[in-house]
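Asks: just the structure for this:
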Amino acid sequence: MISARAAVLRAAGQDPQLTDIELRDPVADEVLVRIEAVGICHTDISVASWFSKVPMVFGHEGTGTVVAAGPRAQDRIGARVVLTFASCGTCANCAGDRPAYCDQSTNLNMRGSRRDDTSALRLDGQPITGGFFGQSSFATYAMARSRNAVTLPEGIDPALAAPLGCSVQTGAGAVLNVLTPAADDAVVVFGAGAVGLSAVMGARIARCRTIIAVDPIAARRALATELGATHTCDPADTDVPAAVLELTGGAAAVIDTTARPEVVASAVGLLRSRGTLALLGLGAPMAELPVALIMAKGITVRGVVEGDSDPHVFIPYLADLHLRGELPLDKLVTSFPFDDFGRVWSAAKAAEVIKPVLVTSD
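Replies: Coordinates of the predicted model:
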């Protein structure tokens, strides 16, 4: 057993609180990772608001160093890794290099481990729920598997690498892996949080001629411009459909990160014929769509999970883009001491910080 400090959710609807836990030794293909940095993602906050299998440790953008490994683990001790989503490795989607759509994705990422001796985590000597996104990295140590521990190149700051595990690969991947726009295409992004801004950067990397970011917060619109948006819109005082159509005549692609039904429904009208609406946000489960318009214009409505990424391929690519200066992750990330978890969690819930990353002192 190894002792760790972790943010534990003790009751559904409450905020996680820092406390001491223990982790068992890794088995099979598991790797024990000393966490150096971990991002707070909207998904952590959203799921923690209703999750009932408590006590539970969340966190799914961990970065750190492998300190122990099971007998079938592929990661060497001492490797610096970023932790990402879990996948089974054996279903048809995993075999087809589509692990984001793994048949076991919900079980492996969202439901957590069983609270029995198979659980990696212990609180006061008793097993607790862990394994969120195959890692539960709101802790100074986390257990993952070789499939969701991606080796990082030398020279990247762990605090900047952390959001590659989810937010950045989701937003950038939606553009670079799914939409693949041409240089003369127009792309519209609703929501300028970490995922939306990553999509903006992806569209800039793709050299799109027009990149429009829509967000009600002035500071986020300003950052979107800095990261590559050619235009921004404040939905509070702008007729967004009219502005977008005037600028583009119809966009090739619209990306929604808000999961607001009214935004999703209106986004369809911004697309040119045979355009694509990519849905990235986790939120409202239903939205009314203009079916007649979708049919008449041949529009595609496409759900995107984790940027359609094969993380062992795409995350190193993103890390290389950052090291070459083409993906300025430092513009997204604000670092905080891990011991300030409670304050930072509250700031993340209030959308006061775009991408908060907690850095351990070890």
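
Asks: strands of the stretch 51-200 of the chain, start to end?
Replies: For the stretch 51-200 of the chain, strands defined by DSSP state E, counting those that start in this stretch occupy the ranges 56-57, 62-69, 80-83, 121-123, 126-127, 141-145, 149-151, 186-190.

Asks: pairing partners for the second one, with directions?
Replies: This points to strand 62-69. strand 30-39 (antiparallel), strand 80-83 (antiparallel) (DSSP bridges).

Asks: now those as a markdown table including mean neighbour count?
Replies: C-beta here means a position set from N, CA and C on the backbone, and glycine is covered the same way. Shown next, in a markdown table, are the strands paired with strand 62-69 (neighbours: other Cβ atoms under 10 Å):
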| stretch | mean neighbour count |
| --- | --- |
| strand 30-39 | 26 |
| strand 80-83 | 26 |
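
Asks: who's in contact with P337?
Replies: Shown in contact with P337 (Cβ atoms under 8 Å, 6 or more residues apart in numbering): 358-359, 361.

Asks: could you turn the buried ones of those into a PyMOL selection?
Replies: The buried residues among the contacts of P337 can be selected in PyMOL (16 or more other Cβ atoms under 10 Å) with this line:
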select buried, resi 358+359
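
Asks: sorry, back to before: of the strands paired with strand 62-69, give the one that comes closest to L271.
Replies: strand 30-39 (31.3 Å; Cβ to Cβ).

Asks: in strands, which of the contacts of P337 fall?
Replies: 358-359 (DSSP state E).

Asks: right, so of the strands paired with strand 62-69, which gets closest to L247?
Replies: Per Cβ to Cβ, nearest to L247 of the strands paired with strand 62-69: strand 30-39, 32.5 Å.

Asks: and the helix or strand following the closest one, which residues are buried?
Replies: Counting by DSSP states H and E, the element after strand 30-39 in chain order, helix or strand, is helix 42-48. By neighbour count with 16+ other Cβ under 10 Å, helix 42-48 contains the buried residues 42-45, 47-48.

Asks: do the same with stretch 83-98
Replies: Buried residues in stretch 83-98, counted by 16+ other Cβ under 10 Å: 83-88, 91, 93-94, 98.

Asks: low pLDDT regions in this structure?
Replies: Along the chain, segments meeting pLDDT under 70 span 362.

Asks: please redo it, this time with the cut-off set to 90
Replies: Within the chain, the stretches with pLDDT under 90 are 1, 12-13, 74-76, 112-117, 282-287, 361-362.

Asks: can you tell me what sits against whatever helix or strand L223 lives in?
Replies: Secondary structure assignment for L223, by DSSP H and E: helix 218-227. Helix 218-227 has contacts (Cβ under 8 Å, 6+ apart) with 189, 192-193, 196-197, 200-201, 204, 213, 215, 229, 232-234, 328, 331, 354.
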